[in-house]
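Asks: Below is the sequence, then the predicted model.
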Amino acid sequence: MTQTKRYNAFYAQSGGVTAVINASACGVIETCRRHSDRIQTLYAGRNGIIGALTEELIDTSQESSEAIAALRHTPGGAFGSCRYKLKSIDTHRAQYERLIEVFKAHDIRYFFYNGGGDSADTCLKISQLSERMGYPLQAIHVAKTIDNDLPLTDNSPGFGSVAKYVAVSTREAALDVASMCSTSTKVFILEVMGRHAGWIAAAAGLAGEGEEQPPHLVLLPEVAFDRAKVMAKIKQTVERCGYCVIVASEGVRDAEGKFLADTGLVDAFGHSQLGGVAPVLAGMVKEELGYKYHWAVADYLQRAARHIASQVDVDQAYAVGVRAVECALEGKNAVMPAIRRVSDAPYAWELFDAPLEEIANREKMMPAEYLREDGFGISEAGRRYFTALIAGEAYPPYENGLPKVAELKRALVAPKLPPFSI
């Protein structure tokens, strides 16, 4: 009987991490181990795709089953992530050829890239190059982004947990402001992530129901910022409720499309660097209304908050990791396991394999039907969509009052190729 040849696999994390990206890593690693008859060793890139270019490969077989299982409740990127977008194949072919050289040297035939839209593009390009060079490689994208802007999939793993964190934080902060508003802060502004799509800020709308309950204003990139209209709404809310809670996407922009917080700089992916919309809004409140204000930026806290993760999000993050490996073993290439919503009540979902050509470098904006007519809150349709994704609590185990996290060896394999500069 002829024995099936075993090949190695490569997994890497990309971009800003989430509370559940390591749950996807756990799904990938555990599934590879269950298919040891087909997959010999899974290597993880140290600091994402950079680890492949520099041949810094972590041997995940050196990690215990307990440590890998603990990834399900560990935030951050366990193997290191990076913001590094590969350039065009035609102008920077050496980078892509280096990747294939590393894969050849380590007998890697399965490539799993865990990230958002830019990493989907990288995964697609690598699959295309492997075909051009005649090197057999199954390139599978593993969805991840708190921005929830990947097309085709109903939602992106990582979003449900940040949505839960922002909704919880908005409700708790609002109670704080309400208790002190007669003599202290009248206006509280919470800035959340979301450069082009306002999914995260919109999820904060779950904190209350109706215009009388906070957040009183939700400001999104999809709705052009009208200063006069916003200031009038804040004034009206303070006079009626005694205080006003605002949740704003970092990417709030005016009718001309200019970001309120545009610094004029760009990041490694060419995206605008935003300098903080909360203080900009606070300055407007001070100048026009004279109210005492306070602002906060959720920043990394929102995407690292594994202690308040959504159970649905953890389950979906793990499931797409599992399915990614299954796709590769089925011979599929340049696809991403995506989520299809089957029903709202009860909430049910399933996975399907989406082509990367329809995902890479594209963004999914929030439907207008998810917003109230005034543009300052979410509609009932939006509430149904978001509520399903924040369902369930997936508390991590605690020790001495703090969450326990995975402790990994991260042992590197010996390089086989000359050094490579990126």
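Replies: Thanks, I have the structure now.

Asks: What residues sit buried inside stretch 228-240?
Replies: The neighbour-count check on stretch 228-240 (16 or more other CB atoms under 10 Å) flags 230, 231, 233, 234, 235, 237, 238 as buried. In this view, the C-beta of every residue, glycine as well, is placed from N, C-alpha and C.

Asks: hmm, which two among those are most spread apart?
Replies: 230 and 238 (12.8 Å; CB to CB).

Asks: Strands along the stretch 1-150 of the chain, start to end?
Replies: 7-13, 39-45, 57-59, 108-115, 138-143 (DSSP state E, counting those that start in this stretch).

Asks: Report the distance from the shortest one to the chain centre.
Replies: By that I understand strand 57-59. In terms of CA atoms, centre = their mean, to the nearest Å, the centre of strand 57-59 is found 24 Å from the chain centre.

Asks: Against which helices or strands is it packed?
Replies: If you count contacts as 3 or more CB pairs under 8 Å, 6 or more residues apart in numbering; DSSP states H and E, strand 57-59 packs onto strand 39-45.

Asks: okay, the angle between the strand it packs on and strand 7-13?
Replies: Calculated by axes from the mean of the first three to the mean of the last three CA atoms, to 10 degrees, strand 39-45 forms an angle of 30 degrees with strand 7-13.

Asks: Next, the residues that contact stretch 71-80 from outside, please.
Replies: 11-13, 17-23, 25-26, 29, 44-48, 51, 58, 303-306, 314, 318, 394, 396-397, 403-406, 408, 410 (CB atoms under 8 Å, 6 or more residues apart in numbering).

Asks: Quick check: closest non-adjacent residue to the residue nearest the centre of the chain.
Replies: Taking CA atoms, centre = their mean as the criterion, residue 145 is the residue nearest the geometric centre of the chain, at 1.9 Å. Among residues not flanking residue 145 along the chain, residue 116 sits closest, at 3.6 Å (CB to CB, 6 or more residues apart in numbering).

Asks: Hmm, residue 144 and that neighbour touching each other?
Replies: Yes. The pair residue 116 and residue 144 passes the contact test of CB atoms under 8 Å, sitting 6.3 Å apart.

Asks: joint contacts of these two?
Replies: In the contact map built from CB under 8 Å, 6+ apart, the residues linked to both residue 116 and residue 144 are 14, 15, 156.

Asks: Who wins on neighbours among these?
Replies: If you count neighbours using other CB atoms under 10 Å, the busiest of the shared contacts of residue 116 and residue 144 is residue 14, which has 30 neighbours.

Asks: does that one really touch residue 120, like I thought?
Replies: No. Counting by CB under 8 Å, residue 14 stays clear of residue 120, with 9.4 Å between them.

Asks: list residues touching both of the two?
Replies: Between them, residue 14 and residue 120 share these contacting residues under CB under 8 Å, 6+ apart: residue 113.

Asks: coming back round to it: and the strands of the stretch 1-150 of the chain: which comes nearest residue 285?
Replies: Using CB to CB and comparing those, the one that lies nearest residue 285 is strand 108-115, at 36.8 Å.

Asks: The closest one versus strand 138-143: what angle between them?
Replies: Taking the same axes, to 10 degrees, strand 108-115 and strand 138-143 form an angle of 20 degrees between their directions.

Asks: Could I get the full set of helices for the stretch 51-200 of the chain?
Replies: For the stretch 51-200 of the chain, the helices defined by DSSP state H, counting those that start in this stretch occupy 65-70, 93-105, 117-132, 159-180, 199-203.

Asks: just checking, next helix/strand downstream of the helix or strand bottoming out on mean pLDDT in the chain?
Replies: Of all helical and strand segments in the chain, the minimum by mean pLDDT, DSSP states H and E falls on strand 272-274, at a mean of 58. For strand 272-274, the following helix or strand on the C-terminal side (DSSP states H and E) is helix 277-288.

Asks: hmm, who's touching that next one?
Replies: 187, 189-191, 219, 227, 230-231, 234, 246, 248-252, 259-261, 291, 293, 295-297.

Asks: Sketch out the low-pLDDT regions of the stretch 251-400 of the chain for me.
Replies: 263-275 (pLDDT under 70).

Asks: now with 90?
Replies: Along the stretch 251-400 of the chain, segments meeting pLDDT under 90 span 261-275, 345, 361.

Asks: same question, the stretch 1-150 of the chain
Replies: In the stretch 1-150 of the chain (pLDDT under 90), the answer is 1-5, 83-97, 118, 129, 132-133.

Asks: Recalculate using a threshold of 80.
Replies: 1-4, 85-92 (pLDDT under 80).

Asks: if we can go back for a sec, please tabulate the strands of the stretch 1-150 of the chain in CSV, including the columns mean neighbour count.
Replies: Listed next are these as CSV, based on neighbours: other CB atoms under 10 Å:
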stretch, mean neighbour count
strand 7-13, 26
strand 39-45, 23
strand 57-59, 23
strand 108-115, 27
strand 138-143, 29
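
Asks: looking at the ones you listed, which is closest to residue 211?
Replies: strand 138-143 (34.4 Å).

Asks: got the angle for the closest one vs helix 117-132?
Replies: Counting by the same axes, to 10 degrees, strand 138-143 lies at 170 degrees to helix 117-132.

Asks: Only alpha carbons, please: show the helix or strand containing residue 351 as CSV.
Replies: Here residue 351, judged by DSSP H and E, is contained in strand 347-355. Presented in CSV, the C-alpha positions along strand 347-355 are these (Å, rounded to 0.1, in the frame of the first residue of the first chain):
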residue,chain,number,x,y,z
TYR,A,347,-29.1,32.9,15.6
ALA,A,348,-27.5,30.3,13.3
TRP,A,349,-24.6,30.3,11.0
GLU,A,350,-22.5,28.1,8.7
LEU,A,351,-19.3,28.3,6.7
PHE,A,352,-18.7,28.5,3.0
ASP,A,353,-15.6,28.9,0.9
ALA,A,354,-15.3,32.3,-0.7
PRO,A,355,-12.9,33.1,-3.6
